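Undergrad: the amino acid sequence is not available; the structure is as follows:
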């Protein structure tokens, strides 16, 4: 994972107090979840809420006891084994925020309090593969757990993940391709898991390519604001697939407060939730089909159909669900297609049956050999005479 950093979703402002009144939570938190309106979540929920789908959140850990996620979080794994522990301020903040965006179901009477995710019936599979930026053990983990990202992707694919959310990445100037990570992504795709990653937050720092977003097959997500404009921090790059809300996003925190944050991390989580909806309604579609489906049905597409800032446009789960009805599931790996003919080109020359004519070349060759022998004998006699005389 090199020095892989969380594609930051910075908590910038508290939305509520730690123990707000129920009415305040309902009015403030849900009212500020503008992304659900932008993505037409309620309309999509008329088809599915993500039932039967498992989304792996490879992150800093997930607070399974959070009231907005209670009952949704499966037993996961910790591939770091160091750093902050449950109850510490630097434990599972980023991961819990991403899980809430994907599958938060709210809490309280009729679940009208707290966070609603884009796929509130999906299950979360937590894979702790990075540490929070404020975690004192982060530097040590970078040195000793460099393969955690690749290991985590493979682990998630082997433990039933239908979608793998990677709201993280290295977009520093030294970021580069890592064979083990790329191979892990291809392994997950071959097992049928859709891989979603944040495009990076380097839009004001050189737009360096971010990994794992730039690996083949990954759905890379950039961030936009309420007006659908590219967020200033969002990385522009050739690998951008679609965009999603990434500014003023309400997030849940293990401290039971709610905050507004920003980042392509949040955008990736929204897209992972949208993929969960598609996967729930159309489980047979392959990762490649779903990636193309999201691109083909994106809303507010840029001129020409795509650009590096917003990909193919704003992810649209409603349009994707409708278009998916016309698709026939394909295998996760390319299927060989037989060639229509027996040979490429005209094929080999047919063998001719042996006959009188077929023996002529051989006879001619034999006769030629006899003539050469006779000439050799004559020359030998002449040379003998020359030597004597």
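TA: It's in. Quick caveat, the model's predicted, so the values are computed rather than measured.

Undergrad: could you use CA atoms for every contact and neighbour count after this?
TA: Fine.

Undergrad: excluding its backbone neighbours, what's nearest residue 91?
TA: residue 84 (5.3 Å; Cα to Cα, 6 or more residues apart in numbering).

Undergrad: what's the end-to-end length of stretch 86-95?
TA: 13 Å (Cα to Cα, to the nearest Å).

Undergrad: so which bits of that stretch are buried?
TA: In terms of neighbour count (16 or more other Cα atoms under 10 Å), stretch 86-95 has its buried residues at 90, 91, 92, 93, 94, 95.

Undergrad: now the phi/psi pair for the last one, please.
TA: This points to residue 95. phi -60, psi -40 (degrees, to the nearest 10).

Undergrad: got the contact list for it?
TA: 57, 58, 59, 60, 61, 62, 63 (Cα atoms under 8 Å, 6 or more residues apart in numbering).

Undergrad: what's residue 125 in contact with, if anything?
TA: Neighbours of residue 125 in contact, by Cα under 8 Å, 6+ apart: 54, 55, 56, 57, 73, 74, 75, 76, 156, 161.

Undergrad: can you report phi and psi for residue 45?
TA: Residue torsions, per degrees, to the nearest 10, at residue 45 are phi -70, psi -10.

Undergrad: same deal with residue 183?
TA: phi -60, psi -40.

Undergrad: for it, give me the pLDDT.
TA: Reported pLDDT at residue 183 in the predicted model: 98.

Undergrad: relative to residue 201, how far out is residue 282?
TA: 32 Å.

Undergrad: more neighbours, those two?
TA: residue 201 (32 against 17; other Cα atoms under 10 Å).

Undergrad: for stretch 152-165, which positions count as buried?
TA: Applying 16+ other Cα under 10 Å to stretch 152-165 flags 152, 153, 154, 155, 156, 157, 160, 161, 162, 163, 164, 165 as buried.

Undergrad: could these be laid out in CSV, adding distance to residue 257?
TA: Listed next are the buried residues of stretch 152-165 as CSV, based on distance: Cα to Cα, whole Å:
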residue, distance to residue 257
152, 29
153, 30
154, 33
155, 31
156, 29
157, 32
160, 31
161, 29
162, 30
163, 27
164, 26
165, 23
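
Undergrad: what's the weakest-modelled helix or strand in this protein?
TA: In the chain, no helix or strand scores lower on mean pLDDT, DSSP states H and E than helix 360-388, which sits at a mean of 46.

Undergrad: before we move on, back to that, any idea which of the contacts of residue 95 is closest to residue 318?
TA: residue 57 (23.2 Å; Cα to Cα).

Undergrad: was I right about the residue nearest to residue 91 contacting residue 141?
TA: No: counting by Cα atoms under 8 Å, residue 141 is not a contact partner of residue 84; they are 11.4 Å apart.

Undergrad: shared neighbours, the two?
TA: With Cα under 8 Å, 6+ apart, residue 84 and residue 141 have no common neighbours.

Undergrad: so where's the stretch 1-150 of the chain shaky on pLDDT?
TA: 1-27 (pLDDT under 70).

Undergrad: residue boundaries of the helices in it?
TA: Taking DSSP state H, counting those that start in this stretch to define them, one finds helices in the stretch 1-150 of the chain at 22-28, 34-38, 41-45, 93-103, 138-144, 148-158.

Undergrad: still on that earlier bit, and the residue nearest to residue 91, how far from residue 216?
TA: Taken as Cα to Cα, the span from residue 84 to residue 216 is 33 Å.

Undergrad: repeat for residue 326
TA: 26 Å.

Undergrad: of the two, who's got more company?
TA: More crowded of residue 326 and residue 216, by other Cα under 10 Å: residue 216, with 14 against 8.

Undergrad: could you give the number of residues near the closest residue to residue 80 other than its chain neighbours?
TA: For residue 80, ignoring the flanking residues on the chain, the nearest one in space by Cα to Cα, 6+ apart is residue 129 at 5.9 Å. Using other Cα under 10 Å, residue 129 has 26 other residues around it.

Undergrad: surely residue 129 meets residue 152?
TA: Yes: in this structure, residue 129 is within contact of residue 152 by Cα under 8 Å, at 6.4 Å.

Undergrad: spit out the residues that contact these two alike.
TA: Contacts common to residue 129 and residue 152, judged by Cα under 8 Å, 6+ apart, are 58, 79.

Undergrad: quick one: the strands in the stretch 251-389 of the chain?
TA: Here the stretch 251-389 of the chain has its strands, by DSSP state E, counting those that start in this stretch, at 258-261.

Undergrad: in the stretch 151-300 of the chain, which spans are helices?
TA: Counting by DSSP H, counting those that start in this stretch, the helices of the stretch 151-300 of the chain are 179-190, 264-281, 287-297.

Undergrad: and the longest one, what other elements does it pack with?
TA: Which is helix 264-281. strand 54-59, helix 93-103, strand 163-166, strand 194-198, strand 219-224, strand 240-245, helix 317-324 (3 or more Cα pairs under 8 Å, 6 or more residues apart in numbering; DSSP states H and E).

Undergrad: which one of these is the most hemmed in?
TA: strand 219-224 (a mean of 33; mean count of other Cα atoms under 10 Å).
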